[in-house]
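> let me see the structure of the following:
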Amino acid sequence: MRVAHIMAGAVQGGAEGFFERLVLAQHHAGLDVLAVIRREPGRAARLAAGGLAPLQLGFGGPLDWLTAGRLRRALLGFRPQVVVAWMNRAAGFARAASRPGDGWAMAGRLGGAYALRHYGACDLLAANTQGLCDWIAAQGWPADRVRLVPNFAADLAGAPPATLPLPPGAVPLLAMGRLHPNKDFSTLLRALALLPPSVHLALAGEGPERTALEGLAGELGLGGRVAFLGWRQDVGALLAASRMLVVPSRIEPLGNVVLEGFSAARPVVATAADGPREVMRDGETGRLVPIGDHAGLAEAIAGLLDDPARAGSLAAAGRAEFLARHAEAPALAAWAKFLDEAAARKDRA
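As a prediction, this is how the structure comes out:
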């Protein structure tokens, strides 16, 4: 299979991180992969270290007249069987770079409720949750042209723990994600204020809400109990150093971070946003609490801190769920089936 993946997204993010994992895993599995990315030296270096030679393009705004032509020349030279566009910008440039009769199938990969007008040229769509598949069909997209293709997380079990900037004896919680209102870390800070002073939070991420969150931590008297770590790549080490993972999001279409917590065998406490509600079973593989409920979040965290045996049981069940559904092997098999179907649809057309 010859597949071109096009990612024009941000420097950091869940979809961007999964894009890197997937293209490298497919390359290592023997697929002929062309990775096309927006210019970003960190992503390019990570892909190169994994054996890929990514094509970096501008993927600018309406005045970018160069990227579509350069992308088309690259696709004509590579001759993929399937082109996969990740999110709206990539889908628009992929459509502009393609012509009838080029010979490749067009597929879109969606990790959220994106505007479907960008995907009109696609033969097939991949969505990473059943809820998202249902939403796409409800918008009028033909249900027989969308498939559930799950994400996978790296297997983080056994990673050596990171050294967290917390005082000796602190009970460390971990949260990770973009510092954005959708992630609702303000609710987590309010929950932390209800927990014993020995409980501290390591918050890995960066974004526009950092100043506001630092200010809220100060107002709540948490200045010494919250460590803002910035963006980190050593996710396994952070999880290994933590007692549990907390995901307080208001909007979370999937929540790759939940899968990472499962992978590392850490108990996960999350709000019942769409993604966590689909991949977690409350009381079996983790704890789910209502969105925005800081008291409920604090109660769920405290309950697991007070009952290590139950926390361990949830962590083990999450790890089993990861191995069964969200490890590399089952996800690669699902992606292989999806790509084969996309190519076959083009052949029949």
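
> quick check, pLDDT for D347.
For D347, the model assigns a pLDDT of 63.

> over to R310?
Reported pLDDT for R310: 98.

> distance of N256 from P150?
Computed as C-beta to C-beta, to the nearest Å, the N256 to P150 distance reads 11 Å. For glycine as for every other residue, the C-beta is placed from the backbone atoms N, C-alpha and C.

> now the closest residue to P253 other than its chain neighbours: phi and psi?
Using C-beta to C-beta, 6 or more residues apart in numbering and skipping residues adjacent in sequence, the residue nearest P253 is G112, 4.3 Å away. Main-chain dihedrals, G112, degrees, to the nearest 10: phi -170, psi -180.

> so what's G112 up against?
15, 132, 253 (C-beta atoms under 8 Å, 6 or more residues apart in numbering).

> sec struct for the closest residue to F185 other than its chain neighbours, please.
In space, and not counting its chain neighbours, F185 is closest to L213: 5.6 Å by C-beta to C-beta, 6+ apart. Three-state call for L213 (DSSP: H, G, I helix; E, B strand; the rest coil): helix.

> what sits closest to the residue positioned nearest the centre of the chain if chain neighbours are left out?
Centroid-nearest residue in the chain, with C-alpha atoms, centre = their mean: G14, separated by 2.8 Å. The spatial neighbour of G14 that comes closest, neighbours along the chain excluded (C-beta to C-beta, 6+ apart), is N256 at 4.3 Å.

> from A97, how far out is the one you found?
Where A97 is concerned, N256 sits at a distance of 28 Å (C-beta to C-beta).

> the two: who's more crowded?
Neighbours were counted for N256 and for A97 using other C-beta atoms under 10 Å; N256 has more, 26 against 22.

> any idea of the pLDDT on that one?
In this model, N256 is scored at 84, pLDDT.

> does it really touch F18, like I thought?
Yes: counting by C-beta atoms under 8 Å, F18 is a contact partner of N256 at 6.0 Å.

> any common contacting residues for those two?
Contacts common to N256 and F18, judged by C-beta under 8 Å, 6+ apart, are N151.

> low-scoring stretches of the stretch 101-250 of the chain, by residue?
By pLDDT under 70, the stretch 101-250 of the chain contains no weakly predicted segment.

> show me where it has helices.
Ranges of helices within the stretch 101-250 of the chain are 130-138, 185-192, 210-219, 235-240, based on DSSP state H, counting those that start in this stretch.

> could I get those as TSV with mean neighbour count and distance to M106?
Shown next, in TSV, are the helices of the stretch 101-250 of the chain (neighbours: other C-beta atoms under 10 Å; distance: least, C-beta to C-beta, whole Å):
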stretch	mean neighbour count	distance to M106
helix 130-138	17	16
helix 185-192	24	37
helix 210-219	15	38
helix 235-240	22	32
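
> where along the stretch 151-300 of the chain do the strands fall?
171-176, 199-204, 226-230, 244-247, 268-271, 287-289 (DSSP state E, counting those that start in this stretch).

> out of the ones you listed, deepest packed?
strand 268-271 (a mean of 28; mean count of other C-beta atoms under 10 Å).

> dump the helices of the stretch 101-250 of the chain into JSON lines; add distance to F228 as well.
Shown next, in JSON lines, are the helices of the stretch 101-250 of the chain (distance: least, C-beta to C-beta, whole Å):
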{"stretch": "helix 130-138", "distance to F228": "31"}
{"stretch": "helix 185-192", "distance to F228": "10"}
{"stretch": "helix 210-219", "distance to F228": "7"}
{"stretch": "helix 235-240", "distance to F228": "13"}
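
> right, and these - which one's nearest A295?
helix 185-192 (7.4 Å; C-beta to C-beta).

> what's next to the closest one, contact-wise?
Outside helix 185-192, the residues touching it (C-beta under 8 Å, 6+ apart) are 173, 175, 177, 179, 199, 201, 203, 209, 212-213, 216-217, 220, 222, 225-226, 246, 248, 271, 292-295, 297-298, 301.

> alpha carbons only: can I get it in CSV?
Taking Å, rounded to 0.1, in the frame of the first residue of the first chain, the C-alpha atoms of helix 185-192 are listed here in CSV:
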residue,chain,number,x,y,z
PHE,A,185,-8.2,23.0,34.0
SER,A,186,-9.9,25.7,36.1
THR,A,187,-12.3,23.1,37.4
LEU,A,188,-9.4,20.9,38.3
LEU,A,189,-7.7,23.7,40.2
ARG,A,190,-11.0,24.3,42.2
ALA,A,191,-11.1,20.5,42.9
LEU,A,192,-7.5,20.5,44.0
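
> that concludes my questions; thank you for your assistance.
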